[in-house]
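Novice: I'll drop the sequence and a predicted model, then ask my questions.
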Amino acid sequence: MSKLKITNARRKQRVRLSLRRSAGGRPRLSVFRSSKQIYVQVIDDGEGRTLASASSLEKDMRAKLKTGADVEAAKEVGRLIAERATQAGVKQVVFDRSGYRYHGRVKALADAAREGGLEF
C-alpha cells in the first residue's frame, strides 16, 4: 500500500474513533466522495445497519444534475438524505466526514442536511 493510502486510512480510523466516543448513541451520517459521485448513509452503529442512504447516482438525481461531482450535487444529496432520515425517525446524527476536509462538497452536503432538518 502506498504511503498516502496508509495516511488516509489512519485519518479515517482516527475520525471514526473520536465519533464513537462522542456519539452518545446517535446514528452516524457517513460521507463518501469519489471523483465523479457523492454518497451518504445514516448508519446505526449499535445495530450495524443502514437507516437511510442517498447518492448522486440515483435515477431522479441524475436527471436533475449535470454531474455528480460538484457542489450542487452535494447540496441535492444533502437535502435528500435529510428527508429520508426524517422519514426513518432520525433527527440527531453525528457527522462522519470520513477523513475528508470540511470544505467544498462535504461542507455543502452538511449544510444542506442541516437545512433539511438534521441536527449535528
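Specialist: Thanks, I have the structure now. Numbering: from 1, shown residues only.

Novice: Tell me the bridge partners for the most centrally placed residue in the chain.
Specialist: Residue closest to the average C-alpha location in the chain (Cα atoms, centre = their mean): residue 31, at 2.8 Å. Beta bridges link residue 31 to residue 40, judged by DSSP bridges.

Novice: That one contacts residue 108, correct?
Specialist: No: here residue 31 lies out of contact with residue 108, judged by Cβ atoms under 8 Å, at a distance of 10.8 Å. From N, CA and C alone the C-beta is placed, and that goes for glycine too.

Novice: and residue 74, how many neighbours?
Specialist: Per other Cβ atoms under 10 Å, the neighbour tally for residue 74 reads 26.

Novice: can you check residue 95 too?
Specialist: The tally of other residues near residue 95 (other Cβ under 10 Å) stands at 19.

Novice: can you pull the contacts of the nearest residue to it once chain neighbours are set aside?
Specialist: Closest residue in space to residue 95, ignoring its immediate chain neighbours: residue 120 at 4.6 Å, by Cβ to Cβ, 6 or more residues apart in numbering. If you count contacts by Cβ atoms under 8 Å, 6 or more residues apart in numbering, residue 120 has them with 29, 92-95, 110, 113-114.

Novice: Compute the distance between residue 10 and residue 42, please.
Specialist: According to Cβ to Cβ, to the nearest Å, residue 10 and residue 42 sit 25 Å apart.
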